[in-house]
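[1] dropping a prediction and its sequence here:
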Amino acid sequence: MIKTEFERGSRRQLRIHVMPTKRFKTYAISLYAGIPLQETTVSSVALTPFVLRRGTASYPETVQFREQLEQMYGAGFGFDIYKRGDYQIVQFRMDTINDGFVSSTDSLLDRSFSFLGEVLTRPVVENGAFRETYVQQERENVRKKLEAIVNDKIRYAGERCIEEMFKNEPFRLHPLGQRADLDSISPDSLYKAYGDWLENASMDLYVVGDTSLEEVEGLVDRYFSLDRSSAAQYRRADVSAQSRDVQTVVERLDVSQGKLNMGFRTSITYSDDQYASALMYNGVLGGYPHSKLFVNVREKASLAYYASSRYDGHKGIATIQSGIEIPNYEKAVSIIRQQLDDMRKGSISELEMSQTKAMIRNLLKEMQDSAFEMIAFDFNRQLSGKERTVEQLLEQVEAVCVKDVQEAAQTFNLDTIYFLRDQKEE
């Protein structure tokens, strides 16, 4: 496995992480900006990058904006919005060809920073606010994305399970915001919210490619018009793994297939020494095609169209997702609970252990082939405060035994059962 390390610096209250390497033919640039999930800001923060990508002070028309990327030999630009722990995070990405592979007189890395810096800090402004047509159009774009979740019943059931599990906590909020908020967001109010976000967000800039920390720091100084008073730090998520009575929520909609989801709380997070054991727990339970849920619920019992589990190490939760025939609800719950009991009893075969380790090993090794995957892995360090390299995590996973997974299983407590079913009365 190739040793990979980031060099650290900062400029303009922005943390900078650079991996100088000649391995890739492109520069991978990621900017993460995170603020705490809050009802009052979640929708405006979600809308902001949609408006920012429409145009800048130098390229106010969207067609000019896109032409600029084409002139940079088809540079890639995009963004994502998601939640990690108790934070709503906007991630901007650029993928630009290395200067050594083109006959350009200008540095493409320099031009990339000029472009990204302008997207972030010099948007189109008219009468002291965002351009009204852009805000109107992007509000509708976000509204459609939120409506699409309702129409995708697998995603909808997953979101609703989290909403019920965290009904009194910010984590219930969707990172794209709330449809009810959109109409009240004006060009003025959004521009003010954008200024607050720019000032208060925790910001991390990553670059992987044939460059240096000193060069990137100079580019940030030159192109990022940030005037921030401090560099906000991420705080660890509020984790509550205390067991409480399991709540069962049944929702009826016009569906033909039932969606059975379960939510668990655990005390093990990314920063804990038991993190590798929790990864193994999820892998054996439902993370892969050889896992207990897939084999026993879907294959042997033929009770589910799909059955899998996910573990979120930043929030200390796990979820099970399954699609079942509606009359099979009781049977499916029973057999899933049986898998959970087996995990707690340590009823785990060596084959299950070795297959899970092989899957995790392959994922971690494949990560080394992608600059953006390496960036995403390192960003976990910023969120959690935990220093852990890919190599160290791989060693920890290899060292996990059945007893370690059994001990991890004791910490995963069932919190919520959510069942989406049809509207027929029984």
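    Yes, it's here. As the structure is a prediction and not an experimental result, all values here were calculated from the model. Residues are numbered from 1 along each chain as shown.

[2] now the strands for the stretch 251-400 of the chain?
    Here the stretch 251-400 of the chain has its strands, by DSSP state E, counting those that start in this stretch, at 258-265, 304-312, 317-324.

[3] out of the ones you listed, nearest to Asp210?
    Asp210 sits nearest to strand 304-312 of all those, at 34.8 Å, using Cβ to Cβ. Every C-beta, even on glycine, is put in place using the N, C-alpha and C of the backbone.

[4] helices and strands around the closest one, which ones?
    helix 275-282, strand 317-324 (3 or more Cβ pairs under 8 Å, 6 or more residues apart in numbering; DSSP states H and E).

[5] tell me which of the ones you listed is the most buried.
    Highest mean neighbour count of the helices and strands packed on strand 304-312: helix 275-282, a mean of 26 (counted as mean count of other Cβ atoms under 10 Å).

[6] contacts for it?
    Residues from elsewhere that reach helix 275-282 (Cβ atoms under 8 Å, 6 or more residues apart in numbering): 266, 268-269, 272, 309-311, 313, 318, 343, 353, 356-357, 360, 388, 393, 396-397, 399-400, 404-405, 407-409, 411-412.

[7] circling back: which stretch among the helices and strands packed on strand 304-312 comes nearest Asn127?
    strand 317-324 (44.7 Å).

[8] could you give me the average pLDDT of that closest one?
    Strand 317-324 shows a mean pLDDT of 96.

[9] what are the ranges of the helices in the stretch 301-426 of the chain?
    Secondary structure of the stretch 301-426 of the chain (DSSP state H, counting those that start in this stretch): helices at 329-345, 350-367, 371-384, 390-399, 402-409.

[10] and the third one, how far out from the chain middle?
    The gap between the average C-alpha position of helix 371-384 and the chain average comes to 11 Å, counting by Cα atoms, centre = their mean, to the nearest Å.

[11] so that helix versus helix 390-399, what angle?
    If you take axes from the mean of the first three to the mean of the last three Cα atoms, to 10 degrees, helix 371-384 sits at 80 degrees to helix 390-399.

[12] can I get the CA coordinates of helix 371-384 in CSV?
    Taking C-alpha atoms only, helix 371-384 is exported to CSV below (Å, rounded to 0.1, in the frame of the first residue of the first chain):
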residue,chain,number,x,y,z
ALA,A,371,-7.5,11.3,-5.0
PHE,A,372,-11.0,12.3,-3.9
GLU,A,373,-11.4,9.1,-1.9
MET,A,374,-8.2,9.9,0.0
ILE,A,375,-9.4,13.4,0.6
ALA,A,376,-12.7,12.1,1.9
PHE,A,377,-10.9,9.7,4.3
ASP,A,378,-8.6,12.4,5.7
PHE,A,379,-11.6,14.8,6.2
ASN,A,380,-12.8,12.3,8.8
ARG,A,381,-9.8,13.4,10.8
GLN,A,382,-11.1,17.0,10.8
LEU,A,383,-14.6,16.0,11.8
SER,A,384,-13.6,13.6,14.6
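
[13] I'd like the helices of the stretch 301-426 of the chain as a markdown table, with mean neighbour count appended.
    A markdown table is the format used below for those (neighbours: other Cβ atoms under 10 Å):
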| stretch | mean neighbour count |
| --- | --- |
| helix 329-345 | 16 |
| helix 350-367 | 15 |
| helix 371-384 | 19 |
| helix 390-399 | 15 |
| helix 402-409 | 19 |
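
[14] how about low-confidence regions in the chain?
    Residues of the chain meeting the criterion pLDDT under 70: 1-4, 240-243, 425-426.

[15] mind running it again at 80?
    1-4, 99-106, 237-238, 240-244, 425-426 (pLDDT under 80).

[16] for it, longest helix please?
    Determined from DSSP state H, the single longest helix within the chain is helix 132-151.

[17] that one packs against which elements?
    So helix 132-151, by 3+ Cβ pairs under 8 Å, 6+ apart, packs with helix 42-52, helix 153-165, helix 179-182, helix 187-200.

[18] so how far is Ser267 from Ala237?
    Separation of Ala237 from Ser267 (Cβ to Cβ, to the nearest Å): 12 Å.

[19] just Ser58 next, same as before
    50 Å.

[20] more crowded one of those two?
    Taking other Cβ atoms under 10 Å, Ser58 and Ser267 do not tie; Ser267 has more neighbours (17 against 13).

[21] show the contacting residues for Glu251.
    Per Cβ under 8 Å, 6+ apart, neighbours of Glu251: 160, 418-421.

[22] centre-most residue in the chain?
    Residue closest to the average C-alpha location in the chain (Cα atoms, centre = their mean): Tyr82, at 4.8 Å.

[23] the closest residue to that residue other than its chain neighbours: how many residues sit nearby?
    Counting by Cβ to Cβ, 6 or more residues apart in numbering, Tyr82 lies nearest to Pro175, which is 5.0 Å off, once chain neighbours are set aside. Residues near Pro175, counting by other Cβ under 10 Å, number 17.

[24] correct me, but Pro175 touches Ala46?
    Yes: with contact defined as Cβ atoms under 8 Å, Pro175 and Ala46 form a contacting pair (6.4 Å).

[25] what do those two both touch?
    Common contact partners of Pro175 and Ala46 (Cβ under 8 Å, 6+ apart): 81, 88.

[26] rewinding a little: Asp95: which of the strands of the stretch 251-400 of the chain is closest?
    strand 304-312 (26.9 Å).

[27] what sits up against that closest one?
    Under Cβ under 8 Å, 6+ apart, the answer for strand 304-312 is 257, 260, 278-279, 281-282, 285-287, 291, 293-294, 297-298, 317-324, 332, 336.

[28] for that strand, which positions count as buried?
    304, 307-309, 311-312 (16 or more other Cβ atoms under 10 Å).

[29] closest one to Phe65 out of those residues, please.
    Asp312 (34.5 Å).
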